[in-house]
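J.: here is my input; please provide its structure:
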Amino acid sequence: MSGGRPEQGTVVRGIVSEIHNFGVFVRLEGDPAGQPGSGFIRIPELTWEFFDDPADVVHVGQQVSVEVLDFDVTRGQVQLSLKALQEDPLIKFANRVGEALCGPVIKIVPFGVFIRVAPGIAGLLHESVQTHQPAMGETVCVTITEVDRPGRRVRLEPAPTRGT
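T.: Residues are numbered from 1 along each chain as shown. Have a look, this model is predicted:
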C-alpha cells in the first residue's frame, strides 16, 4: 500500500467481517503504520459460481486474499474482488460448442431457463426452442450452440433425442 491506500491490481489479505445480500465487508490487514482499512466485495465479484446467498461463498471470520479493483475516496473504502483471483471457467469452456450435456435448471426467466452446464457456467435455453417448460432443479439435456466470451453468454438448444 502506498500512503495507506492499496493500488489497483494488488492482492491484499483480510478477514470477512460482515455478509449482506448486497455484498461482503472485509477488514483489511494493516498498512505499515498498522492502520487496517475496510474493503467491500460486491456480489458479482465473489465467485464465478452461481449461488443464492453470499454466506454460501464466504463466512464471517474467514481469511481471504482479494484483488483491489478501486479505492472509493468518498467512503474511504477499497473495492475488492475474490473472483479476480479465480480462473475464468468460460475460457476452457469456449471450445465445447456442439457438445451435448445435461445439467439442472438453476433459474427460470420469462424468456427461457438457465441450465448449469459446468461449474461456474450456465447457459440459456430460450423458450422458442423448448419442447416443454422445465421445472427448477430438473435435469435437462442440451447441446451448446454458442459461447460468447466477451458477452459472457452460453446459448443452448435441446439435445437430440434418440430412438423416437
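
J.: now do the contacts for the residue lying closest to L69 once chain neighbours are set aside.
T.: Sequence neighbours aside, Q79 is the residue nearest to L69 in space, at 4.4 Å (criterion: Cβ to Cβ, 6 or more residues apart in numbering). Placement of C-beta: from N, CA and C, glycine included. Neighbour list for Q79: 39-40, 42, 68-72 [criterion: Cβ atoms under 8 Å, 6 or more residues apart in numbering].

J.: mind redoing it with 10 Å?
T.: 8, 23, 39-42, 45, 66-72 (Cβ atoms under 10 Å, 6 or more residues apart in numbering).

J.: next secondary structure after the helix or strand where it lies?
T.: Element membership of Q79, judged by DSSP states H and E, is strand 77-81. For strand 77-81, the succeeding helix or strand toward the C-terminus, using DSSP H and E, is helix 89-93.

J.: phi, psi of P44?
T.: The phi/psi pair for P44 (degrees, to the nearest 10) reads phi -70, psi -10.

J.: the most centrally placed residue in the chain and I121, how far apart?
T.: Centroid-nearest residue in the chain: W48, 2.8 Å away (criterion: Cα atoms, centre = their mean). Separation of W48 from I121 (Cβ to Cβ, to the nearest Å): 8 Å.

J.: mutual contacts of those two, please.
T.: With Cβ under 10 Å, 6+ apart as the test, W48 and I121 both reach 88-90, 152.

J.: and those residues, which two are the farthest apart?
T.: P89 and R152 (10.7 Å; Cβ to Cβ).

J.: which neighbours do those two have in common?
T.: By Cβ under 10 Å, 6+ apart, the residues touching both P89 and R152 are 48, 121.

J.: who does the lowest-mean-pLDDT helix or strand in the chain touch, helix- and strand-wise?
T.: The weakest-scoring helix or strand in the chain, judged by mean pLDDT, DSSP states H and E, is helix 89-93 (a mean of 88). Under the contact definition 3 or more Cβ pairs under 10 Å, 6 or more residues apart in numbering; DSSP states H and E, helix 89-93 sits against strand 112-118, strand 121-126, strand 139-148, strand 153-158.
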